[in-house]
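>>> Curious how this folds, go ahead:
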Amino acid sequence: MQMLLSKKAKAAVLGAALFALSSPAAVAASAGHAPARPTYDERVLQQDLAAVRKAGGGQVNVLARVDGANGAPLMARIGTRTADSADPIPWNAHFRAASTTKAFMATVVLQLAAEKRLSLDDTVEHWLPGVVTGHGNDGSRITVRDLLRQTSGLYDYIDDPELQDLLIHHFDEHRYDTTPAADLVAVAMKHPPVFVPRPGHATRWAYSNTNYLLAAMIAEKAGGASWPELIGQRVIDRLGLRDTSVPGLDPRLPDPHVRAYLTAEDGTRLDVTEHSLQHTADSGVVSTTADLNTFFRALADGRLLPAEQWREMRHTVRRTDDPDDVAEMPEGTYGLGLRRIPLSCGGFYYTHEGDGMGAHTRPAVSADGKRAVTVSITTTTAPPDLAALNRATGTLVDHALCDRSAKS
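The predicted structure follows:
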């Protein structure tokens with residue numbers, strides 16, 4: 001039974017809520033046109049990191065890297081490698097990117113569309129006959145584009161009550177579960193959709209991890225390889241991302257990494273670092289701050305997608321049917337595996353957040369691809385309040401990308 005930490009700040013401590021599920025991205029301070037700020041240096045980054053830690057309850061580990069600042073990376077860290085050690089967070093610490101994986105998966109699907117191996121207007125039924133059906137679900141009414149931009153209306157399998165109960169109350173018994181993606185889609189099909197897309201009517205939006213399981217299943221048919229192989233060949237190898245991988249069912253993180261902890265129902269500390277639950281295409285990538293900055297800059301500067309597909313990816317829609325998402329991230333719109341967030345100095349940045357078991361990832365790239373920043377947060381006790389965390393990480397991103405001293 002997979003648990004790809006989903007979009008909502010659903011649970012809290014194991015028992016009161018085990019973890020925050022894959023949630024909205026960092027929030028910019030405002031959409032106004034304030035003057036660009038003074039030089040963003042290590043001192044200011046460290047201050048912003050301290051604010052992120054405070055927003056995370058004061059006991060999270062935080063690592064951040066800014067690339068494109070005067071040609072050299074800017075890095076800062078707060079916290080330790082393990083709970084019982086004074087060793088600092090490694091600069092190149094690996095972490096589960098969680099839902100940031102969706103940006104990787106969307107990129108692969110768009111590459112296949114550019115090669116005419118599939119069309120964004122193809123229906124799910126065309127590629128996966130009989131898979132999306134029952135309880136009002138209709139794969140003939142949902143397109144590949146709907147999957148990528150979260151406009152399918154499909155139930156999020158993570159929200160299934162039985163799945164939630166197992167993860168919250170029986171995590172240790174299920175941490176190595178390896179339920180196939182098709183079985184998780186079947187879980188979603190037991191529930192009616194939030195809505196069914198209706199051509200000619202206003203576009204509706206609701207975040208669902210089920211969408212990316214289906215997108216990967218379609219990509220595998222169109223691309224002739226497994227989704228980890230497609231991401232590996234088309235993104236990781238192409239960009240030389242030496243510290244990015246798709247470990248699949250391997251529960252271990254590559255070294256170096258930071259241990260992640262949550263509080264169990266009995267109040268004890270539970271190490272949640274190792275598990276197989278994030279093994280599907282909505283959450284399965286492992287990476288580093290440096291590699292995620294490289295990936296998002298490559299997206300924005302045209303190294304991964306032709307101009308037409310990059311425009312498609314950035315064509316966003318308003319979020320309408322997911323109040324939890326909007327509450328945690330009041331600003332921004334959603335494209336094809338990518339969010340667009342306003343900057344206080346004008347313009348926008350692009351991102352896709354990731355929230356997993358004890359790990360939270362906040363990457364961002366300027367619209368021109370010249371600057372990127374990634375923040376990695378690892379918990380040591382209870383999951384953070386995601387709305388507060390998003391405000392703090394959003395301020396950091398806004399400061400880093402609005403640095404007036406930045407050189408191209």
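>>> Just give the number of residues close to V44.
V44 has 18 neighbouring residues, counting by other C-beta atoms under 10 Å. C-beta: built from backbone N, CA, C; applies to glycine.
>>> in which helix or strand would I find it?
Taking DSSP states H and E as the definition, V44 sits inside helix 42-55.
>>> what does the average pLDDT come to for that helix?
Averaging pLDDT along helix 42-55 gives 97.
>>> after that helix comes which helix or strand?
On the C-terminal side of helix 42-55, the nearest following helix or strand under DSSP H and E is strand 61-67.
>>> for that following strand, packing partners?
Counting contacts by 3 or more C-beta pairs under 8 Å, 6 or more residues apart in numbering; DSSP states H and E, strand 61-67 packs against helix 42-55, strand 74-78, helix 289-300, strand 372-378.
>>> between those, which gets nearest to K102?
Taking C-beta to C-beta, helix 289-300 is the member of the helices and strands packed on strand 61-67 nearest to K102, at 12.4 Å.
>>> quick one: average pLDDT of that closest one?
For helix 289-300, the mean confidence score works out to 98.
>>> Return the distance of that helix from the chain's centre.
The chain centre lies 14 Å from the centre of helix 289-300; the measure is C-alpha atoms, centre = their mean, to the nearest Å.
>>> Just want the angle from it to strand 61-67.
Here helix 289-300 runs at 40 degrees with respect to strand 61-67, directions being taken by axes from the mean of the first three to the mean of the last three C-alpha atoms, to 10 degrees.
>>> same for helix 289-300, what does it pack against?
For helix 289-300, the packing partners by 3+ C-beta pairs under 8 Å, 6+ apart come out as strand 61-67, helix 101-114, helix 237-239, strand 348-351, strand 359-366, strand 372-378.
>>> circling back to that earlier point, please identify the deepest-packed of the helices and strands packed on strand 61-67.
Using mean count of other C-beta atoms under 10 Å, the stretch among those with the largest mean neighbour count is strand 372-378, at a mean of 29.
>>> Kindly state the distance between the middle of that one and the middle of its chain.
Relative to its parent chain, strand 372-378 has a centroid offset of 11 Å by C-alpha atoms, centre = their mean.
>>> That one: what's the following helix or strand?
Sequence order places helix 386-401 as the next helix or strand after strand 372-378, per DSSP H and E.
>>> same question for that following helix, mean pLDDT?
Taken as a whole, helix 386-401 carries a mean pLDDT of 97.
>>> can you pull the buried residues of it?
For helix 386-401, burial by neighbour count (16 or more other C-beta atoms under 10 Å) applies to 386-387, 389-401.
>>> for stretch 333-352, same thing?
Burial within stretch 333-352, assessed by neighbour count using 16+ other C-beta under 10 Å, is assigned to 333-345, 348-352.
>>> now do stretch 216-225
Buried positions in stretch 216-225, judged by neighbour count with 16+ other C-beta under 10 Å: 216-220, 222-223.
>>> possible to save those as TSV with distance to E229?
As requested, the buried residues of stretch 216-225 are exported to TSV (distance: C-beta to C-beta, whole Å):
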residue	distance to E229
A216	11
M217	14
I218	15
A219	10
E220	9
A222	13
G223	8
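>>> Minimum distance to P323: which of the helices and strands packed on strand 61-67 has it?
helix 42-55 (21.3 Å).
>>> which residues in the chain form strands?
Using DSSP state E, the strands found in the chain span residues 61-67, 74-78, 95-96, 133-134, 137-138, 261-263, 269-271, 286-287, 333-334, 339-342, 348-351, 354-356, 359-366, 372-378.
>>> Just put those in a markdown table and tack on distance to H279.
A markdown table is the format used below for the strands of the chain (distance: least, C-beta to C-beta, whole Å):
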| stretch | distance to H279 |
| --- | --- |
| strand 61-67 | 24 |
| strand 74-78 | 28 |
| strand 95-96 | 10 |
| strand 133-134 | 25 |
| strand 137-138 | 24 |
| strand 261-263 | 19 |
| strand 269-271 | 19 |
| strand 286-287 | 11 |
| strand 333-334 | 24 |
| strand 339-342 | 24 |
| strand 348-351 | 23 |
| strand 354-356 | 12 |
| strand 359-366 | 15 |
| strand 372-378 | 20 |
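>>> Of those strands, which is nearest N209?
Nearest to N209, of all the strands of the chain, is strand 354-356, at 11.3 Å by C-beta to C-beta.
>>> Could you give the separation of the closest one from the chain centroid?
6 Å.
>>> Can you work out which other helices and strands pack against that strand?
Taking 3+ C-beta pairs under 8 Å, 6+ apart as the contact cut, strand 354-356 packs with strand 359-366.
>>> Now do the strand it packs on against helix 101-114: the angle between them, please.
50 degrees.
>>> ok, now how distant is D177 from S276?
As judged by C-beta to C-beta, to the nearest Å, D177 and S276 stand 6 Å apart.
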